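Asks: Give me the fold of what follows.
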Amino acid sequence: MPGIKNLARRSGLQTDDVQAVFDAMTVLLQKGEDVRVPNFGTFTAKVQEPRKVTSPMLPGGEATSPRRRVIRFRMSANLRNDWRME
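Replies: Predicted structure coming up:
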């Protein structure tokens with residue numbers, strides 16, 4: 001996993017420690033809990049209700065998407081300000 005290795009190298013932590021953080025985040029999100037990382041953002045687990053979708057590739061042009069769990073991410077104000085282009 002180059003992403004985990006890269007984070008570990010840049011942070012000075014062991015690869016297993018970085019992986020453990022992401023594993024813990026995954027468990028919390030699967031339980032439906034929010035994960036807030038200060039100065040970075042908040043991950044929120046939501047249930048997306050079924051909705052109508054359209055596509056010219058579908059017979060009849062529309063279908064209903066299934067109910068599913070999704071993860072939303074909202075950037076912190078600090079990260080958003082750092083990402084703004086001037």
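Asks: Helix or strand next in line after the biggest helix by length in the chain, which one?
Replies: When the chain is parsed with DSSP state H, its longest helix is helix 15-30. Once the chain leaves helix 15-30, the next helix or strand it forms, by DSSP states H and E, is strand 35-37.
Asks: List the buried residues in that next one.
Replies: Buried positions in strand 35-37, judged by neighbour count with 16 or more other CB atoms under 10 Å: V35. Glycine gets a C-beta too; all of them are placed from N, C-alpha and C.
Asks: so where do the strands sit in the protein?
Replies: Listed in chain order, the strands of the chain (DSSP state E) span 35-37, 41-48, 51-54, 62-65, 68-75.
Asks: Distance to A20 for those - can I get that in a markdown table?
Replies: Shown next, in a markdown table, are the strands of the chain (distance: least, CB to CB, whole Å):
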| stretch | distance to A20 |
| --- | --- |
| strand 35-37 | 14 |
| strand 41-48 | 17 |
| strand 51-54 | 36 |
| strand 62-65 | 34 |
| strand 68-75 | 19 |
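Asks: possible to save those strands as TSV with mean pLDDT and distance to D82?
Replies: Formatted as TSV, the strands of the chain follow (pLDDT from 0 to 100; distance: least, CB to CB, whole Å):
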stretch	mean pLDDT	distance to D82
strand 35-37	96	14
strand 41-48	94	12
strand 51-54	86	34
strand 62-65	84	34
strand 68-75	94	9
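Asks: right, so of those strands, which gets closest to S11?
Replies: strand 35-37 (13.3 Å; CB to CB).
Asks: neighbouring strands for that closest one, and are they parallel or not?
Replies: strand 41-48 (antiparallel) (DSSP bridges).
Asks: Quick check: buried residues in stretch 73-86?
Replies: Residues of stretch 73-86 include none that count as buried (16+ other CB under 10 Å).
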